[in-house]
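*Asks:* Structure here, sequence nowhere to be found:
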C-alpha cells in the first residue's frame, strides 16, 4: 500500500509537470502570435520600428508567462529546485549557443547597439567576405576598404538579426556574431542625411569637358555635392570622386543611376 501511495504521488507530480509544460508552450505560442499580429498592424506606418516594437512585446510577454507559470505551479519548492538544477545543467551545456544568441539579442535591443533602419557595414572575421578581384585598381581606388556586408537593418530578433543589402539580398546574422564584431554606421544618429560617393573614370584629355558637364548635372542638388579628382588610374585616365549628401529615405541607387547616365554622355 505504501508503494502504491508513493507511485500515485509521483504520477500526480508528473501530471502536474506535463500540465504546466502544456500551459507554458501554449502561452508562449499565444504571445508569439500576438507579437506577430502587432508587427503586421504597425508595419505600414512605422516600417522597421514596428519589428522592434513587436519583438519587445514578445520578450516582455515571454518573461511574464514564465513568471506566472512558475508562481502558480503545484510542484513543491524542493522538487522544483532539484529538477531545475539538473535540467539547468543539461540544457545549459546543450543550449549554450542558443542562450548566447538570446542574451546578445537582448543586449543589442537594450543598448540600441544597432537599430532597425540603420545603414551599416558588418565587420566580423566569422562572416566570410570576398571582394571582386578584378580589375585591380577598382578595388584599391577607395580611400579605405571595409571588408564586410553593407545594408539596411531590417530586424533585431531574439536569436538572429536581418540585414538587407543594396542588391535586395537578406542576410541573417546570429546576434552573438553581430555583438562580437563591429558595425560601421554610415550616418550619425543625430542626422537625417547620409553621404554617398561614386567614382567616374575619365580620359585626362577630357577633364575640362567633363567638369563642365558635371557642374551642370550636380547643380540640381544645390550645395549638397562635391567633386574632386581622386587619383590617376594610369597614364591616360583620372578618377573623379563625387560626394552627394541626401536624405536617408532617398533611393540612392536611382539617384546614382540618373547621375551616371548623364555624366557618361558628357561628350554629346
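*Replies:* Arrived safely. Remember, predicted model here, so these are calculated numbers, not experimental data. Numbering: from 1, shown residues only.
*Asks:* what's the domain layout of this protein?
*Replies:* 2-94, 119-185, 193-263 (automatic domain parsing).
*Asks:* Which elements pack onto the host helix or strand of residue 184?
*Replies:* If you go by DSSP states H and E, residue 184 is part of strand 182-185. Secondary-structure packing of strand 182-185 (3 or more CB pairs under 8 Å, 6 or more residues apart in numbering; DSSP states H and E): strand 119-123. C-beta: built from backbone N, CA, C; applies to glycine.
*Asks:* List the pairing partners of the strand it packs on within its sheet, with orientation.
*Replies:* Pairing partners of strand 119-123, with direction, according to DSSP bridges: strand 149-156 (antiparallel), strand 182-185 (antiparallel).
*Asks:* all strands of this protein, in order?
*Replies:* With strands called from DSSP state E, the chain shows them at 119-123, 149-156, 160-165, 170-174, 182-185, 193-203, 225-232, 237-247.
*Asks:* by how many degrees do the last one and strand 225-232 diverge?
*Replies:* Inter-element angle recorded for strand 237-247 and strand 225-232: 150 degrees (by axes from the mean of the first three to the mean of the last three CA atoms, to 10 degrees).
*Asks:* and strand 237-247, which strands flank it?
*Replies:* strand 193-203 (antiparallel), strand 225-232 (antiparallel).
*Asks:* contacting residues around it?
*Replies:* 141, 192-204, 207, 210, 214, 218, 221, 224-233, 252, 255, 259 (CB atoms under 8 Å, 6 or more residues apart in numbering).
*Asks:* Would you indicate which residues of it are buried?
*Replies:* 238-242, 244-246 (16 or more other CB atoms under 10 Å).
*Asks:* Pretty sure residue 248 sits against residue 187.
*Replies:* Yes - shown here, residue 248 and residue 187 form a contact pair, counting by CB atoms under 8 Å, at 6.3 Å.
*Asks:* Spit out the residues that contact those two alike.
*Replies:* What both residue 248 and residue 187 touch, as defined by CB under 8 Å, 6+ apart, is the set 119, 193-194.
*Asks:* Of these, select the buried ones using a ChimeraX command.
*Replies:* Burial among these is assessed by 16+ other CB under 10 Å; the matching ChimeraX selection reads:
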select :119,194
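*Asks:* Let me have the shared contacts of residue 248 and residue 187 in JSON lines, extended by pLDDT and distance to residue 32.
*Replies:* Output for the shared contacts of residue 248 and residue 187, formatted as JSON lines (pLDDT from 0 to 100; distance: CB to CB, whole Å):
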{"residue": "119", "pLDDT": "85", "distance to residue 32": "29"}
{"residue": "193", "pLDDT": "81", "distance to residue 32": "37"}
{"residue": "194", "pLDDT": "82", "distance to residue 32": "35"}
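*Asks:* tell me which helix or strand of this protein sits lowest on mean pLDDT?
*Replies:* The helix or strand of the chain with the lowest confidence, counting by mean pLDDT, DSSP states H and E, is helix 77-94 at a mean of 52.
*Asks:* want to throw the strands paired with strand 237-247 into CSV with distance to residue 99?
*Replies:* Below are the strands paired with strand 237-247 laid out as CSV (distance: least, CB to CB, whole Å):
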stretch, distance to residue 99
strand 193-203, 36
strand 225-232, 48
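*Asks:* Out of the ones you listed, flag the one nearest residue 125.
*Replies:* Of all the strands paired with strand 237-247, it is strand 193-203 that lies closest to residue 125, at 26.3 Å by CB to CB.
*Asks:* what does the strand holding residue 184 rub up against?
*Replies:* By CB under 8 Å, 6+ apart, strand 182-185 touches 113-114, 118-124, 146, 148.
*Asks:* Go again with 7 Å.
*Replies:* 114, 118, 120-123, 146 (CB atoms under 7 Å, 6 or more residues apart in numbering).
*Asks:* And stretch 191-209, by the same measure?
*Replies:* Here stretch 191-209 has contacts from 119, 141, 186-187, 210, 230, 233, 236-248, 252, 256, 259-260, 263, 266-267, using CB under 7 Å, 6+ apart.
*Asks:* Good, wrapping up.
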